[in-house]
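Trainee: prediction below, plus the sequence it came from.
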Amino acid sequence: MEFNKANEKDIGNVRKLNLLSVIPILFLFVGIIYGFYNGSFHSVVNGFINIVLSPTILVTDFIQVGGIEAAFINVGLVGLLNIFIMRHYRLKLNGILIAAFFTVIGFSFFGKNLYNIIPIYFGGYIYSINKKISFKDIIIPLMFGTALAPMVSEISFSGLLQPFWAIIVAVCVGIFIGFILVPLSSHMLKFHDGYNLYNIGFTSGILGTVLTSVLRSFGISVEPVSIISDKNHLVIIILLLFLFLGLLCTGIYINKRAILDFKEILQYKGRLITDFTHLVGFGVTLLNMALLGFLSLIYVLLIGGTVNGPVLAGIFTIVGFGAFGKHIKNCLPVMIGVIVTALLFGNDLSTTGIIISVLFSTTLAPIAGTYGPVIGFIAGVLHMILVTNVGVIHGGINLYNNGFAGGLVAGIMIPVLDAFYKERNR
């Protein structure tokens with residue numbers, strides 16, 4: 001059911017893309033200014049080089065690797081590249097494109113940079129030529145598909161081969177990933193039946209496992225790492241609050257009834273494909289994204305967590321999917337399930353690993369939305385158990401490890417739930 005368009009100002013697709021462009025421009029600007037302010041722009045350049053030359057497998061926090069200024073610049077450049085692609089191919093800004101963009105922005109704080117994502121895009125471009133389809137039609141899965149970007153960096157910079165051949169092989173592998181990821185993702189969707197919002201994360205987990213196994217068969221060790229910043233930066237928190245407040249105000253500006261109409265979004269289960277920009281409008285969607293952002297940030301700060309690269313990725317991803325399936329009603333049960341399980345296992349909730357498990361577990365929000373909060377809670381419990389153990393399978397090559405775990409949880413739960421509910425309803 002489509003929303004009442006009379007309540008919303010039509011600002012046009014170009015202006016919507018302009019609004020989206022503010023995010024990478026802001027990070028780029030702040031990164032440069034912050035570097036000059038601290039009188040260490042030379043170190044910023046070196047930090048950016050360190051980011052590009054790092055293997056980037058899980059968990060490589062760019063704030064720790066290159067410094068906050070260089071990390072901001074990386075986010076800005078990656079974001080602007082994607083904005084350029086979106087503008088060049090005149091993509092319509094809808095829910096899934098917003099989710100893809102925010103996910104790319106978030107993971108530019110840990111894992112993604114200009115060097116390791118471009119080969120994947122190029123591979124997708126070759127695929128579009130081979131299949132005689134428009135590249136425009138596969139840009140979104142490719143944006144998500146940069147989950148496997150660490151494979152490019154790992155082969156290039158971990159000393160596996162001589163530098164020249166390492167880069168050649170890495171670029172070819174990146175092109176191969178981009179080429180096969182699109183057809184793979186459409187088939188993997190059937191496994192979890194749309195109840196795992198990070199479908200490409202599940203696909204990347206499968207493909208990453210295969211690629212990692214190939215490397216290991218040659219005696220090449222690919223293992224997760226832990227390079228994480230343990231310091232909170234006030235500038236990051238201020239920027240997040242500014243962005244979320246901007247989303248909130250823009251949503252109300254576009255639709256003055258956004259707050260009153262917000263309850264409409266809570267009726268949707270969130271299963272793929274649930275595009276809130278189409279169902280409730282752009283204004284209410286931005287309001288929902290802002291609320292999820294505030295909720296995520298407040299949670300991290302209340303438990304004494306650090307807003308570092310991985311946590312920023314979690315926050316930006318949950319905000320982005322506030323346009324495509326997530327809202328407070330279907331997210332909270334899953335998050336609570338993860339939190340309770342972590343406490344039962346004696347984990348410290350303030351550690352980065354647990355925080356990102358809580359945030360990314362919302363990939364299973366459609367289960368809570370469809371089957372209720374109790375089942376959503378159980379999904380969170382299973383997610384917490386799985387996500388801490390599946391990373392070793394792909395060696396940290398898949399940045400969307402929670403999407404991989406979420407796909408497994410949904411693939412196990414949904415057939416059982418469907419059988420039970422169908423039997424009960426006979």
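Mentor: Nice, thanks for sending it over. Numbering: from 1, shown residues only.

Trainee: so for stretch 343-351, what gets flagged as buried?
Mentor: Residues of stretch 343-351 classed as buried: N347, L349, T351 (neighbour count, 16 or more other Cβ atoms under 10 Å). All C-beta spots, glycine's among them, are computed from the backbone N, C-alpha and C.

Trainee: surely the first one touches I354?
Mentor: Yes - counting by Cβ atoms under 8 Å, N347 touches I354, with 5.2 Å between them.

Trainee: enumerate every residue touching A368.
Mentor: The neighbours of A368, taking Cβ atoms under 8 Å, 6 or more residues apart in numbering as the test, are K329, N330, C331, L332, P333, V334, I375, G376, F377, A379.

Trainee: how about a cut-off of 6 Å?
Mentor: N330, P333, V334, G376 (Cβ atoms under 6 Å, 6 or more residues apart in numbering).

Trainee: the residue nearest to the first one when sequence neighbours are not counted: how many residues sit nearby?
Mentor: Closest residue to N330 in three dimensions, ignoring its sequence neighbours and counting by Cβ to Cβ, 6 or more residues apart in numbering: G369, at 3.6 Å. The number of residues packed near G369 is 27, by other Cβ atoms under 10 Å.

Trainee: distance of G369 relative to S40?
Mentor: Distance of G369 to S40, computed by Cβ to Cβ, to the nearest Å: 47 Å.

Trainee: same question, I273
Mentor: For I273 relative to S40 (Cβ to Cβ), the value is 46 Å.

Trainee: Y195 and A365 touch, don't they?
Mentor: No - with contact defined as Cβ atoms under 6 Å, Y195 does not reach A365; the gap is 9.0 Å.

Trainee: any idea of the pLDDT on N7?
Mentor: Note for N7: predicted pLDDT of 79.

Trainee: and it, what does it touch?
Mentor: Per Cβ under 6 Å, 6+ apart, neighbours of N7: N255, R257.

Trainee: could you list the domains of the chain?
Mentor: Following automatic domain parsing, one finds the domains of the chain at 8-217, 234-424.

Trainee: chain center to the first one, what's the gap?
Mentor: The one in question is domain 8-217. 10 Å (Cα atoms, centre = their mean, to the nearest Å).

Trainee: ok, for V340, nearest residue in space, not its chain neighbours?
Mentor: V381 (7.2 Å).

Trainee: what's the neighbour count on that neighbour?
Mentor: Count around V381 with other Cβ under 10 Å applied: 20.

Trainee: surely it and T341 touch.
Mentor: Yes - between V381 and T341 there is a contact at 4.8 Å, judged by Cβ under 6 Å.

Trainee: scan this structure for its longest helix.
Mentor: helix 163-192 (DSSP state H).

Trainee: export the helix or strand just after that helix as PDB, just CAs?
Mentor: For helix 163-192, the succeeding helix or strand toward the C-terminus, using DSSP states H and E, is helix 199-217. Taking Å, rounded to 0.1, in the frame of the first residue of the first chain, the C-alpha atoms of helix 199-217 are listed here in PDB:
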ATOM      1  CA  ASN A 199      21.700 -11.100   1.700                       C
ATOM      2  CA  ILE A 200      25.000 -10.100   0.100                       C
ATOM      3  CA  GLY A 201      26.700 -10.700   3.400                       C
ATOM      4  CA  PHE A 202      25.500 -14.300   3.300                       C
ATOM      5  CA  THR A 203      26.600 -14.700  -0.300                       C
ATOM      6  CA  SER A 204      30.000 -13.100   0.400                       C
ATOM      7  CA  GLY A 205      30.400 -15.500   3.400                       C
ATOM      8  CA  ILE A 206      29.900 -18.500   1.100                       C
ATOM      9  CA  LEU A 207      32.200 -17.100  -1.700                       C
ATOM     10  CA  GLY A 208      34.700 -15.900   0.900                       C
ATOM     11  CA  THR A 209      34.900 -19.300   2.400                       C
ATOM     12  CA  VAL A 210      35.600 -20.900  -1.000                       C
ATOM     13  CA  LEU A 211      38.300 -18.300  -1.800                       C
ATOM     14  CA  THR A 212      39.900 -18.600   1.600                       C
ATOM     15  CA  SER A 213      39.900 -22.400   1.300                       C
ATOM     16  CA  VAL A 214      41.700 -22.100  -2.000                       C
ATOM     17  CA  LEU A 215      44.400 -19.900  -0.400                       C
ATOM     18  CA  ARG A 216      44.700 -22.300   2.600                       C
ATOM     19  CA  SER A 217      45.100 -25.300   0.200                       C
END
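
Trainee: okay, buried residues for helix 199-217 please.
Mentor: 199-209, 211-212, 215.

Trainee: okay if I get those as JSON lines plus distance to V319 and pLDDT?
Mentor: What follows is those, written out as JSON lines (distance: Cβ to Cβ, whole Å; pLDDT from 0 to 100):
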{"residue": "N199", "distance to V319": "19", "pLDDT": "94"}
{"residue": "I200", "distance to V319": "18", "pLDDT": "95"}
{"residue": "G201", "distance to V319": "17", "pLDDT": "94"}
{"residue": "F202", "distance to V319": "21", "pLDDT": "94"}
{"residue": "T203", "distance to V319": "22", "pLDDT": "94"}
{"residue": "S204", "distance to V319": "21", "pLDDT": "95"}
{"residue": "G205", "distance to V319": "23", "pLDDT": "94"}
{"residue": "I206", "distance to V319": "27", "pLDDT": "94"}
{"residue": "L207", "distance to V319": "26", "pLDDT": "95"}
{"residue": "G208", "distance to V319": "25", "pLDDT": "93"}
{"residue": "T209", "distance to V319": "29", "pLDDT": "93"}
{"residue": "L211", "distance to V319": "30", "pLDDT": "93"}
{"residue": "T212", "distance to V319": "30", "pLDDT": "92"}
{"residue": "L215", "distance to V319": "34", "pLDDT": "87"}
